[in-house]
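In: Structure for the following, please:
(2 chains)
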Amino acid sequence: MAAAGSPSATLRRRDLRSRGIRLAGKMRSDVIDLLDAYMEQQGLDASVSVAAVEGVPAAAAEHWDEQTGTQRLLENLAAYRTFRALLAQMLEEQREQLGEADAALGRALAAVLLQVSAFIYHLEELLRLESRSPPSEEGTGPPLAPHLSLFERKLRGLGVLRELAQWAVRSVRDLRQLAKASPGSSSAPSPAESP
Amino acid sequence: AFVPLTPRILSLKPDFSTSTLNLKWSDNGSAFPYGLDAIWQIQILRKEAMEKVTQVNYYSKLTHEDIVLSWNWASDMPLECTSHYVKIRCYVNVTQFVGPMNWSDWSPVEKVAGKDTDANESGVFPQDTVVAVGSDVTICCVHKEGQWIKQMMYGPEIYPMIHLSSRSSAIRVLNASASDTSGTNVVCMLSEDGMEGTVLFVGYAPDTPQNLSCETSNFLIIKCTWKPGRPSGLYGKRGTKYSLFERISGKNVSCEVNEMNRERVCGFPVLADQKTYDFVLGVSNPIGQTESSILIDLTQRVHPKTPEKLTVYGNSSTSVRLRWFINSSFADIRLLCQIETSSGHSEQKLHNVSMPGGKFSTYTAQLNTLHPYTKYHFRVRCSAADHFWKWSDWSRIEEHTTLEA
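Out: Numbers count the residues shown, from 1 in each chain, chains lettered A, B, ... in the order given. All right, here's what the predicted structure looks like:
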């Protein structure tokens, strides 16, 4: 693997970042579409407010502007790994509850899950370019969802998708922040630009 | 006046899943001569105010022994919604007694506590239940102390609330219509942005399967098909389940069915040494069940697979030999195959040939009286010779030109 500071590593880093930004942008618009379809299919009103859902990583970050580049990548990676598990859980529940009845929503959910997995790959590669091996995944799955009623599961799904949309926005900013900070060392705090 | 002893309730047990109360009491029959008629008056009360819901008379005959009597009552409201109370009294027609006779006193009240009496409990009930289209459903919202209900919605509609207790109110949905695939949400909006909810699935009992038909294409699997009739409106784990039971062998198979297909299919293994099959197709979902049955002689329900690898050869000007393969086992029957020939200047002709069936065999036939130096199109299909049921599909067309005369 190329040394962290070598020209090829820099080129690879810039490529991964720009593709990561595009993917995060696409993910956001797909999640927004999925949210609309989900709410309609689950009979939920757009005005429904969902309290913070246990086990779903919050996109809002305190001291966002003071984070180092590696911290940003690690937080993004942890969050999207959790979303991957949550979306897989939702897909399973969708099949159990609806069978073949609403395959379109199942396909849309699976498509977003695929994007999340792809974005995880980008983040892991970016970390490797910082000579940081991505943390292992053992035992980091989301907490087992306590026994929830169907209505609570519907709300939980809504909370997951809403937060994922927020994370996609944050990830674009994080990756842009990385791009700005890259001439200097990656651990230098980034200039203030909170999400 | 004669007044019987106050009856003693032995137990009052709730079944929350069916919203049913089971009452057991002793008839104290040992205190009476044999054969007297007794009337038991049972009163059900509900809510914080212990309003009377219903009063029922139960009749029994005393047998000079103490018998435990039992009686069930299905509530029109989930038992979780509020506390239910029961009391009972009796009247014994003592024929030997000359003076006036009266009812006994009421028994002490027995209570089944609602969730609205448990400080830690809240929620909307019934939870995630299934009801039939047209049902009248009572749905309640139990909330924590200090909270209050802003509104209760059934789907998109706000419903008037019925007060049950300080921590519980209900709505009454009449003649419920079929819900969407993900069910109808019942949302209880509470003070301080609180929200509780449940999902109600409103659907139909399964329709009796129509056009049930069973056949085999290979004497390995029997394929039964049917039309499901009216969709139940219930999906996933609440969807309609099908199973195929064969009475003669006693074998039962559950069917994997895709709800979205118009036609349903289920496979059943052909059993050794069994020609007749007496099938019952069982159909059930959370609302009801039904069945259809069919009796078949398998040799009369053969629908062969499409003939494959058709080849036409011959070194004659007026005859050809055809060879084809059928990927099935027809060892126990004779086959009737039909060869269609067509050429540019003559209309299509059909030639029937019959032959003993084989096990995953190649079959051959010869056609004579063809025209010399003529390009022909050949194709073949087969069926059971002795009891025709269905033709297979046609094979692919094979082209062949006869030699010059």
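In: Quick check: buried residues in the longest helix along chain A?
Out: Counting by DSSP state H, the longest helix found in chain A is helix A:7-42. Going by neighbour count (16 or more other CB atoms under 10 Å in any protein chain shown), the buried part of helix A:7-42 is A:9, A:12-13, A:16-17, A:20-21, A:23-24, A:27-28, A:30-31, A:34-35, A:38-39, A:41-42. The C-beta positions use only the backbone N, C-alpha and C, and glycine is treated the same way.
In: Could you tell me which residues of chain A lie near chain B?
Out: Residues of chain A found near chain B (CB under 8 Å from any CB of the partner chain) are A:41-45, A:48-49, A:95-103, A:149-152, A:154-155.
In: Are any of the residues you listed buried, and if so which?
Out: Applying 16+ other CB under 10 Å to the residues of chain A next to chain B flags A:41-44, A:48, A:97-102, A:149-152, A:154-155 as buried.
In: the helices in the stretch 151-300 of chain B, which residues?
Out: Using DSSP state H, counting those that start in this stretch, no helices are found in the stretch 151-300 of chain B.
In: What parts of it come near chain A?
Out: Within the stretch 151-300 of chain B, the positions adjacent to chain A are B:155-156, B:180-187, B:193, B:195-199, B:235-237, B:239, B:258-260 by CB under 8 Å from any CB.
In: same thing but at 7 Å, please
Out: In this structure, the stretch 151-300 of chain B approaches chain A at residues B:155, B:180-185, B:193, B:197-199, B:235-237, B:239, B:258-260, judged by CB under 7 Å from any CB of the partner chain.
In: Buried subset of the residues you listed as a ChimeraX selection?
Out: A single ChimeraX command selects the buried members of these (16+ other CB under 10 Å):
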select /B:155,180,181,182,183,184,185,197,198,199,235,236,239,259
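In: Mark which of the residues of the stretch 151-300 of chain B next to chain A are part of strands, please.
Out: B:Thr184, B:Asn185, B:Gly197, B:Thr198, B:Val199 (DSSP state E).
In: which non-adjacent residue is nearest the second one?
Out: Yep, that's B:Asn185 we're talking about. Leaving out its chain neighbours, the residue that sits closest to B:Asn185 by CB to CB, 6 or more residues apart in numbering or on different chains is A:Gly43, at 4.7 Å.
In: Any idea how far apart the tips of stretch B:201-220 sit?
Out: In stretch B:201-220, first residue to last residue: 40 Å (CA to CA, to the nearest Å).
In: so how far is B:Tyr313 from A:Ile32?
Out: In this structure, A:Ile32 and B:Tyr313 are 65 Å apart, going by CB to CB, to the nearest Å.
In: before we move on, what about A:Asp65?
Out: The gap separating A:Asp65 from B:Tyr313 is 83 Å, by CB to CB.
In: The two: which has the busier surroundings?
Out: Shown here are A:Asp65 and B:Tyr313; by other CB atoms under 10 Å in any protein chain shown, A:Asp65 has more neighbours (14 against 10).
In: Specify the local secondary structure of that one.
Out: Assigned by DSSP: H, G, I helix; E, B strand; the rest coil, the conformation of A:Asp65 is helix.
In: ok, now B:Val56?
Out: Three-state assignment for B:Val56 (three-state DSSP): strand.
In: what ranges do the helices span in chain A?
Out: Applying DSSP H to chain A gives helices spanning A:7-42, A:69-98, A:103-129, A:150-181.
In: Which one, of those, ends up nearest to B:Val130?
Out: With CB to CB as the measure, helix A:150-181 is the member of the helices of chain A nearest B:Val130 (11.2 Å).
In: So which bits of that closest one are buried?
Out: Neighbour-count burial for helix A:150-181, counted by 16+ other CB under 10 Å, picks out A:150-168, A:170-175, A:177-179, A:181.
In: Distance check, the closest residue in space to A:Ala179 that isn't next to it in sequence against B:His371.
Out: Nearest-residue entry for A:Ala179: A:Arg17, 5.5 Å, with adjacent residues in sequence omitted and distances by CB to CB, 6+ apart. Relative to B:His371, A:Arg17 is positioned 76 Å away (CB to CB).
In: Could you do B:Trp324 as well?
Out: Distance from B:Trp324 to B:His371, by CB to CB: 23 Å.
In: Those two: which is more packed in?
Out: B:Trp324 (26 against 14).
In: Name the residue closest to the centre of the chain, please.
Out: Because you didn't say which chain, this covers chain A. Compute the mean C-alpha point of chain A, and by CA atoms, centre = their mean the closest residue is A:Tyr80, 3.7 Å away.
In: Correction: the question concerned chain B.
Out: Closest-to-mean residue, chain B, CA atoms, centre = their mean: B:Ser284 / 1.2 Å.
In: Quick check: bridge partners of that residue?
Out: On the basis of DSSP bridges, B:Ser284 is bridged to B:Lys241, B:Gln289.
In: Low-confidence regions, the chain specifically.
Out: Unless you meant another one, I'm taking chain A. A:1-5, A:139-146, A:182-195 (pLDDT under 70).
In: hm, I was asking about chain B
Out: B:260-263.
In: thought the residue nearest to the centre of chain B was touching B:Lys241?
Out: Yes. Counting by CB atoms under 7 Å, B:Lys241 is a contact partner of B:Ser284 at 5.4 Å.
In: coming back round to it: between helix A:69-98 and the longest helix of chain A, find me the angle.
Out: Put simply, helix A:7-42 runs at 30 degrees to helix A:69-98, going by axes from the mean of the first three to the mean of the last three CA atoms, to 10 degrees.
In: Run through who's touching stretch A:149-159.
Out: A:38-39, A:42, A:44, A:48, A:50, A:53, A:56, A:90, A:93, A:145, A:148, B:127-128, B:183, B:185, B:197-199 (CB atoms under 7 Å, 6 or more residues apart in numbering or on different chains).
In: now stretch A:48-56
Out: Here stretch A:48-56 makes contact (CB under 7 Å, 6+ apart) with A:Ala58, A:Leu86, A:Pro142, A:Pro143, A:Leu155, A:Arg156, A:Leu158, A:Gly159, A:Val160, A:Arg162, A:Glu163, B:Asp193.
In: Make a markdown table from the helices of chain A and add distance to B:Ser104 to it.
Out: Shown next, in a markdown table, are these (distance: least, CB to CB, whole Å):
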| stretch | distance to B:Ser104 |
| --- | --- |
| helix A:7-42 | 55 |
| helix A:69-98 | 52 |
| helix A:103-129 | 62 |
| helix A:150-181 | 47 |
